[in-house]
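Peer 1: Sequence and predicted structure, then a few things I'm wondering about:
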Amino acid sequence: MASLDFNTVLRGQYLHWLAAGAATTIGLFLASLACGFAVAIVLASLRALPSRAVQSLVAGFVNYHRNVPTLVQLFVWYFGVPQLLPKAAGVWVNDHNGEFLFALVALSLNVAAYLSEDLRSGLRAISSHQGDAARALGMRHVQALRYVLLPQAVRFVVPSLINQSLTLFKTTSLAMAIGVAEMTYASRQIENETYRTFETYALASAFYLAVSFAIMLAGYVYARRYPPATAR
């Protein structure tokens, strides 16, 4: 029976690959989450407008990203979109880590579709009197959403937002398919060179578990500190 040897994959260039892969994974996750949440707020706000045309456009965006596999969306952005860009823009993207940029865009839009639906559910959970009161104070529809409704909606859907964050974090591993050197990509490289399959993927699993638990803990602390107004 072969013995375990973690020292092989935890030294030299292999340790550097793991550290760089972990940093890339966390960076891609945080950037995609931030961009996705910003887009989700815009989508949820647009969906709340009394315009059937706008609502239909947003619904189409959401349905595409929720029903087309994330890997296909990554391929569309990495292989398809560059063909539509002007030559100068394509060269600029290739010179500025295009794999990471396209993965960031694809994952951000994907998670935005899910987060926007969660926020829309949160808005529905708020009493209609809240919006009426905001407008009675002279706020416009957009101001009421920004200052009164959306902050409360976020508190209502914290568990869902945490679940979406966990899903996004794990989905970053798909970026290896377009050449992003994140943790899974680095692990495969190390395994191919060392043939230490168990040790390599055990370390990768430990990394994903540790970060996932950190995300859940952050969500728990936030939910305890900022509960919905109805829970007070």
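Peer 2: Perfect, thanks for sending it. Numbering: from 1, shown residues only.
Peer 1: Show me where the protein dips below the pLDDT cut-off.
Peer 2: Within the chain, the segments meeting pLDDT under 70 span 1-2, 127-138, 140-142, 146-147, 228-232.
Peer 1: just checking, what packs against the longest helix along it?
Peer 2: In the chain, taking DSSP state H as the definition, the longest helix is helix 12-47. Secondary-structure packing of helix 12-47 (3 or more CB pairs under 8 Å, 6 or more residues apart in numbering; DSSP states H and E): helix 52-67, helix 98-125, helix 150-156, helix 158-171, helix 183-194, helix 197-225. Any C-beta I mention is one placed from the backbone N, CA and C, and that applies to glycine too.
Peer 1: Off-centre distance for it?
Peer 2: 6 Å (CA atoms, centre = their mean, to the nearest Å).
Peer 1: mind putting the helices and strands packed on helix 12-47 in JSON lines, mean neighbour count and distance to residue 13 included?
Peer 2: Formatted as JSON lines, these follow (neighbours: other CB atoms under 10 Å; distance: least, CB to CB, whole Å):
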{"stretch": "helix 52-67", "mean neighbour count": "13", "distance to residue 13": "37"}
{"stretch": "helix 98-125", "mean neighbour count": "21", "distance to residue 13": "20"}
{"stretch": "helix 150-156", "mean neighbour count": "19", "distance to residue 13": "43"}
{"stretch": "helix 158-171", "mean neighbour count": "18", "distance to residue 13": "26"}
{"stretch": "helix 183-194", "mean neighbour count": "20", "distance to residue 13": "9"}
{"stretch": "helix 197-225", "mean neighbour count": "14", "distance to residue 13": "13"}
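Peer 1: Can you lay out those helices as JSON lines showing distance to residue 143?
Peer 2: Output for the helices and strands packed on helix 12-47, formatted as JSON lines (distance: least, CB to CB, whole Å):
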{"stretch": "helix 52-67", "distance to residue 143": "18"}
{"stretch": "helix 98-125", "distance to residue 143": "15"}
{"stretch": "helix 150-156", "distance to residue 143": "11"}
{"stretch": "helix 158-171", "distance to residue 143": "23"}
{"stretch": "helix 183-194", "distance to residue 143": "42"}
{"stretch": "helix 197-225", "distance to residue 143": "25"}
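Peer 1: Nearest to residue 23, out of those helices?
Peer 2: helix 183-194 (9.1 Å; CB to CB).
Peer 1: Roughly how far does residue 91 sit from residue 85?
Peer 2: Noted for residue 91: a distance of 9 Å to residue 85, by CB to CB, to the nearest Å.
Peer 1: How about residue 120?
Peer 2: For residue 120 relative to residue 85 (CB to CB), the value is 32 Å.
Peer 1: Then residue 155?
Peer 2: 40 Å.
Peer 1: ditto for residue 65
Peer 2: 21 Å.
Peer 1: Please list all residues in contact with residue 110.
Peer 2: Shown in contact with residue 110 (CB atoms under 8 Å, 6 or more residues apart in numbering): 36, 65, 70, 73, 168, 171.
Peer 1: what about 7 Å?
Peer 2: Each residue near residue 110 by CB atoms under 7 Å, 6 or more residues apart in numbering is listed here: 65, 70, 73.
Peer 1: In this structure the last one contacts residue 106, no?
Peer 2: Yes - here residue 73 reaches residue 106: they are 4.9 Å apart, a contact under CB atoms under 7 Å.
Peer 1: For stretch 173-181, give the distance from the opening residue to the closing one.
Peer 2: With CA to CA, to the nearest Å applied, stretch 173-181 spans 9 Å between its terminal residues.
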